[in-house]
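> Sequence below, structure please.
(chains A and B, ligands or ions: 2)
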Amino acid sequence: MTPESQPGTPAEPDPQWMVRFDKVVKTFGDATVLRELDFQVRPGERVTLIGPSGSGKTTILRLLMTLERVTSGTIHIDGECLSHMRRGTRRVPADERHLRRVRKRIGMVFQQFNLFPNMNVLRNITEAPVRALGVPRDQAEDKARELLEMVGLADKALAHPSQLSGGQQQRVAIARALAMEPEVLLLDEVTSALDPELVSGVQCLLRDIAQQGNLTLLCVTHEMNFARDISDRVLMFDHGRILEEGPPDQIFSEPEQQRTREFLQAVLDV
Amino acid sequence: MVTVNPCSAELPGTLGETMPFLCEGAVVTLQSAAGGSVLALVLALVVGLTATSRFRGARAVARVYMEFFRGTSVLVQLFWLFYAMPILTGFQLDTLFAGILALGLNLGAYGSEVVRGAVQAVPAGQREAAIALNLSPYQRMRRVILPQAFVEMVPPMNNLLIELLKSTSLLSVITVTDLAYQGRLLVNSGSDQLVVFALLLVIYFLLSYLITLLMRYVEGRAARLVGRGKPRRTPWRRRSATAGAGR
Ligand SMILES: Nc1ncnc2c1ncn2[C@@H]1O[C@H](COP(=O)(O)OP(=O)(O)O)[C@@H](O)[C@H]1O
Ligand SMILES: [Mg+2]
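Numbers count the residues shown, from 1 in each chain, chains lettered A, B, ... in the order given. Ligands and ions are numbered 1, 2, ... in the order given. Sure thing, here's the model as predicted:
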C-alpha cells in the first residue's frame, strides 16, 4: 500500500469554516427534512438555531454528530468530510475509524441528558476520556473533579445519576461532553426537559462556558433571552430551510420575515 | 443434633430403598442442567448480539439458528444428535454430552431472543450518547449497552433455566440416567409408585428453587449496577441518600 492510499488521511484544515454544510439533503422515507441546506460556522462562532418544531433543527445537530447520515450533499468539520473519506484517489463512505477521528472534535448535550445509569457521576465523565482517548484514569479523574467544580457539583462525584435532579443531571452531561475537549459543542434544547426553576442554573453555566472558551457552539433553543445572550448569530429555520439569519438583536427586534415574527410571537407568548 | 444424609440407604422404609438411586439421578440431572445452561447462556449471548448486528448477513444467520431450534422440539433434536448423527457421520456422541448439546442448542435459541430483546430495549439515547462520546462500537456494547440490558435479561433467563432443568427429564429417552430415569426404574422394579413420584416432585422443585435463588442474587447485583434497587450500605451512600431526600 502506498502512503497516499492509506485510508482516512487527515484533510487540509479549513481556516475559514469550522462547520460547512453544502447542499445537504436529508430525507426520512418520503419526508424531506432538509432541502439543499447550505450554511457555515466560523471557528469559535456561537450560533443558535431557532424555528418551529419539526423544522429540522435536531436533524442538523444529529447529522453533525454522525448519528444520522446525509441523503446527499456534504458536511465538513474543519475541512474534513463527515460522510466520506479518501482512499487513494477515490471517495468512499467513511469507515468507523474515520468517523471516530471526526467525532473526536465534536461533543453533544442531549435534551434528555442520557447519562449512563450503570455508572456513577465521576465514571460518567471519565469513561470516554479513559476508554476512547486513552487518558490515564487518575488524570481523567482530576480533570473530571475540576469540571464538576465548574458545574457546581463537586460534592456529587460519587452520586448515582438517579440521585440527582434534572438540572444536576444536565450539568453532569455538560461536564461529560467538555471532558472530551471538543472543538464544536452541540446543544439540543438542553433545558426543555427541566422543571422551570432549574432552567436558569443550567443556562448560567452555559453562558459562562460560551463566554470563556473558544468553543464553536451550535445551540437549538426556544429560550430567546438565552439565545440572545450566548449567540453571535441566529438562524431561523422553517421546513428544512434557513428563512433568515442575522445577529440576535436584529432577528429578535426587527425580523424581516412575517413567518419569523409569527414564530417569535408564539414562543414569547408561552 | 443428628444430621441425616438424605441419600443414605439407612433411611427407614421406602426412603432408604429409593433415595440412594434418586440422588444418583439428581446428580446426573444437575450435571446436564449445568452443562446445558452454560452452553445455552454462551449461545444466547453470542447469537443474541449477532442478531442486533448492523450486518444483514450476520443477522440472518442468527435468525436461522433461532427459528430452527425454537421450531423443533428438544426431543427430536436429541434423536438427531444421538441416533441420526452416527448414521450420517459415523460419529457417536456420549449420551450425557448429546443431552447437554441438545438442551444448550434449544434453550440457547430462546435465550438469544431474550438477549436480543433486552439489548434493543436499552433506550436509543444511551447508544447515541456513547457515540457522541466517541466510544468504539465494542466499548459502546461492553460499557454502556450490555450492563443495562443485563438487568432486563435476568428474570426471563431465570424462566429459561428452570425450563431447561425440567427438560433434562427428556434425556432419559437416550438412556441418560437422570432423576426421571431412576424414578421410572424404581417404579418398574416394584417400589411404591406414590412415594417415588412424590419424591421426584420434591426434588425437581428444590432444584428449580435453587436456580431461582441464584438468579435472584444475580438480579440484585445487576440492579444495583444500574442504580436501581437498594443501594449498597456505605457511609457515603447513606449521606447522599438523605441529602437527596428533598427531591
Ligand atoms: N428518525 C426519524 N424518522 C422519521 N422521521 C424523522 C426522524 N427524525 C426526525 N424526523 C422528522 O424530521 C422532521 C424534523 O425533525 P427535527 O429535526 O427533530 O425537528 P426539530 O428539532 O426542528 O423539531 C420532523 O418532521 C420529524 O418527524
Ligand atoms: Mg428538536
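> How many residues are close by residue 50?
By default, I'm working from chain A. A:Ile50 has 27 neighbouring residues, counting by other C-beta atoms under 10 Å in any protein chain shown. In this view, the C-beta of every residue, glycine as well, is placed from N, C-alpha and C.
> Sorry, I should have been clearer: chain B.
If we define neighbours as other C-beta under 10 Å, then B:Thr50 has 20 of them.
> same deal with A:Lys57?
A:Lys57 has 23 nearby residues by other C-beta under 10 Å.
> Show the pLDDT at the spatially most central residue of chain B.
The residue lying closest to the centre of chain B (C-alpha atoms, centre = their mean) is B:Leu161, at 2.9 Å. B:Leu161 is assigned a pLDDT of 94 by the prediction.
> Which strand or helix spans it?
In this structure, B:Leu161 sits in helix B:146-167 according to DSSP states H and E.
> next one: A:Asp142
helix A:137-150.
> and if you look at B:Ser112?
Counting by DSSP H and E, B:Ser112 is found in helix B:95-121.
> Can you name the residues of the stretch 1-150 of chain A that neighbour chain B?
Neighbours of chain B within the stretch 1-150 of chain A, by C-beta under 8 Å from any C-beta of the partner chain: A:65-67, A:96, A:100, A:103-104, A:106-108, A:110, A:112, A:114-118, A:127-128, A:131-133.
> change it to 6 Å
A:65, A:67, A:100, A:103-104, A:108, A:112, A:114, A:116-118, A:128, A:131-132 (C-beta under 6 Å from any C-beta of the partner chain).
> CA atoms only for stretch A:145-159, dumped as PDB, please.
Extracted C-alpha coordinates of stretch A:145-159, given in PDB (Å, rounded to 0.1, in the frame of the first residue of the first chain):
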ATOM      1  CA  ARG A 145     -13.400  16.800  39.500                       C
ATOM      2  CA  GLU A 146     -12.300  20.200  38.100                       C
ATOM      3  CA  LEU A 147     -15.200  20.100  35.700                       C
ATOM      4  CA  LEU A 148     -17.600  19.100  38.500                       C
ATOM      5  CA  GLU A 149     -16.300  22.000  40.500                       C
ATOM      6  CA  MET A 150     -17.100  24.300  37.500                       C
ATOM      7  CA  VAL A 151     -20.600  23.000  37.100                       C
ATOM      8  CA  GLY A 152     -21.200  23.300  40.800                       C
ATOM      9  CA  LEU A 153     -21.400  19.600  41.600                       C
ATOM     10  CA  ALA A 154     -18.100  18.900  43.300                       C
ATOM     11  CA  ASP A 155     -19.800  17.000  46.100                       C
ATOM     12  CA  LYS A 156     -21.700  14.700  43.800                       C
ATOM     13  CA  ALA A 157     -18.800  12.900  42.200                       C
ATOM     14  CA  LEU A 158     -19.800   9.600  43.700                       C
ATOM     15  CA  ALA A 159     -23.500  10.000  43.500                       C
END
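> Please identify the buried residues of it?
A:145, A:147-148, A:150-151, A:153, A:156-157, A:159 (16 or more other C-beta atoms under 10 Å in any protein chain shown).
> Pick out the most distant pair among these.
Using C-beta to C-beta, the two most remote members of those are A:Met150 and A:Ala159, lying 16.7 Å apart.
> B:Ala60: neighbour count?
Every residue meeting other C-beta under 10 Å relative to B:Ala60 is counted, giving 13.
> Identify the residues contacting it.
Not one residue lies near B:Ala60 by C-beta atoms under 6 Å, 6 or more residues apart in numbering or on different chains.
> And the longest helix seen in chain B, what's buried?
Counting by DSSP state H, the longest helix found in chain B is helix B:13-50. Buried residues in helix B:13-50, counted by 16+ other C-beta under 10 Å: B:15, B:17-26, B:28-33, B:35-37, B:39-41, B:43-45, B:47-50.
> same thing with stretch A:163-181?
A:163-180.
> So, low pLDDT: which residues of the stretch 151-270 of chain A?
A:270 (pLDDT under 70).
> where exactly do the helices run in it?
For the stretch 151-270 of chain A, helices defined by DSSP state H, counting those that start in this stretch occupy the ranges A:166-179, A:196-212, A:224-230, A:248-253, A:258-269.
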